[in-house]
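In: Provided below are the primary sequence and the corresponding predicted coordinates.
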Amino acid sequence: MLTIRKGQIIDVVLLALLFACMIFTSGSETGLSNRIVVPYFVLNKSAFLFLIVAVAYVATIFGGGWNLRIPKVEFLLVLRAVMFIFSNLFFASQENVQIGIVLAICIAPFAFAVGRKSRIKQENVSLICTLAGVIIAIQIIYTFVYHSLSIIDLQNLKWWMVIPIGQTNTIGSYLLFFLILADDIRNRIIKKKNKILIFGALMVIAVAFLLMGSRASLLVFGVYLFIRYCLPRAYKDRKYKNRLVAIILIGIITMAFVVINNPTVITTVTSIFEFNSMTNTRFQVYEDSLALFNEHPLFGRGTVPFVVGDAVMTHNLVLEALVQSGIVGTILFLMALLETFFRLRNRTNLGYCYYYIFIVLIIRGMVEPTFFLLGFEIVFWLMMGYGYRFSERSDKN
């Protein structure tokens, strides 16, 4: 299934190295890494990821030639990086600056450029990501069994569910990437034997997805299934649309009937999934984050560590941008996201999966930490670069 042409070898190897670094390595011994029970290598992950992106970027320059004309997204990401450096130089306590976050923001435009200039086939991207997803799934399942965890006891699950790529919420972000790309390759493959293999891989990732304990990721994946399979068909088929509306209405009426006749249902469900405590904590986090933003509203307070509620990040991509880079940096960040969205909306058959990846991860980023983390910034903007490349191809055609 994996066919590599001569000019694509470097692109394939570097993408595989990127995911290998993220999946099999962890930083120096910390309280977090001490909870990892799967095999891994101790490595300066930030430096190695930076090296991989730097080599990939140099390879794209030699492979595709130097072009001073860069897309608006790339230019906005560069300005965002400059803004972050400015905020950290003039508004942050230098000894407390989190270099990893600054590095993540600075690498983002280069990761995007690598994806945009890459010659790798879409099928190879999806296959490598599917394989990475299966490896992470095996790590999750092993950790779940090793600690005899339960999806009901979420607090204990979230504490012990640690693998080299990160904890529960971080794992959820990457598995969303891999599930969508595995679904993408499943839809492309024609041979029955290969379809069965990919479907098996998809099921392994899906099982791990259920076991890792990220409620936000599960809800967001439900959104993906709805907008990927239900909405397009509803637009084309009026009968299906009517049936879909009827099913949704019946579901709402049924839930209302159950709640009216048995009010304790809501209490039971929220206690099982800890929705009440999560909601109360999240609003406290948002309130504390706005207070931090008001200290330096224009340019932000830089990447100095902070505690909001019982969290170390704001759990909202807009608030995180406002706190760290102020109104100016946030405008640049949102402009880059909007420009990416409008470009991906003009997608080809090759690039549709990146459109869904964008929507799903932006929704998730509104309630969980995603952006401003080194690995995520690299992978997200690399994938957006791939999607941009396919939309550029559409323009030329």
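Out: Perfect, thanks for sending it.
In: all contacts plus neighbour counts: C-alpha atoms, from now on.
Out: Fine.
In: give me the pLDDT value at residue 257.
Out: In this model, residue 257 is scored at 62, pLDDT.
In: with residue 297 instead?
Out: If you check residue 297, the pLDDT there is 85.
In: hmm, residue 327 and it touching each other?
Out: Yes - here residue 297 reaches residue 327: they are 6.2 Å apart, a contact under C-alpha atoms under 8 Å.
In: who's in contact with residue 183?
Out: Residue 183 is in contact with residue 202, counting by C-alpha atoms under 8 Å, 6 or more residues apart in numbering.
In: list the buried residues in the helix or strand containing it.
Out: Applying DSSP states H and E as the criterion places residue 183 in helix 168-188. Neighbour counts over helix 168-188 (16 or more other C-alpha atoms under 10 Å) mark 168-186 as buried.
In: and stretch 154-167, by the same measure?
Out: Of the residues in stretch 154-167, 154, 157, 158, 160, 161, 162, 163, 164, 165, 166, 167 count as buried by neighbour count, 16+ other C-alpha under 10 Å.
In: what's the answer for stretch 379-396, then?
Out: Going by neighbour count (16+ other C-alpha under 10 Å), the buried part of stretch 379-396 is 379-392.
In: same thing with stretch 354-365?
Out: By 16+ other C-alpha under 10 Å, the buried positions in stretch 354-365 come out as 354, 355, 356, 357, 358, 359, 360, 361, 362, 363, 364, 365.
In: contacts for that stretch?
Out: Outside stretch 354-365, the residues that touch it by C-alpha under 8 Å, 6+ apart are 173, 176-177, 180, 216-217, 220-221, 223-224, 228, 315-317, 341, 344-345, 347, 370-371, 383-384, 386-387.
In: what average pLDDT does it get?
Out: On average, the pLDDT along stretch 354-365 is 90.
In: and for stretch 199-215?
Out: So the average pLDDT for stretch 199-215 ends up being 88.
In: grab the CA positions of that stretch and hand them over as PDB.
Out: C-alpha atoms of stretch 199-215 as PDB (Å, rounded to 0.1, in the frame of the first residue of the first chain):
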ATOM      1  CA  PHE A 199     -10.500  -1.100   9.100                       C
ATOM      2  CA  GLY A 200      -8.800  -3.300  11.700                       C
ATOM      3  CA  ALA A 201      -6.300  -0.500  12.400                       C
ATOM      4  CA  LEU A 202      -9.200   2.000  12.700                       C
ATOM      5  CA  MET A 203     -11.000  -0.300  15.200                       C
ATOM      6  CA  VAL A 204      -7.800  -0.600  17.400                       C
ATOM      7  CA  ILE A 205      -7.500   3.200  17.400                       C
ATOM      8  CA  ALA A 206     -11.200   3.600  18.200                       C
ATOM      9  CA  VAL A 207     -11.000   1.200  21.200                       C
ATOM     10  CA  ALA A 208      -8.000   3.000  22.600                       C
ATOM     11  CA  PHE A 209      -9.900   6.300  22.000                       C
ATOM     12  CA  LEU A 210     -12.700   5.000  24.300                       C
ATOM     13  CA  LEU A 211     -10.300   3.800  27.000                       C
ATOM     14  CA  MET A 212      -8.100   6.900  27.300                       C
ATOM     15  CA  GLY A 213     -10.800   8.900  29.300                       C
ATOM     16  CA  SER A 214     -11.000  12.200  27.300                       C
ATOM     17  CA  ARG A 215     -14.600  13.300  27.300                       C
END
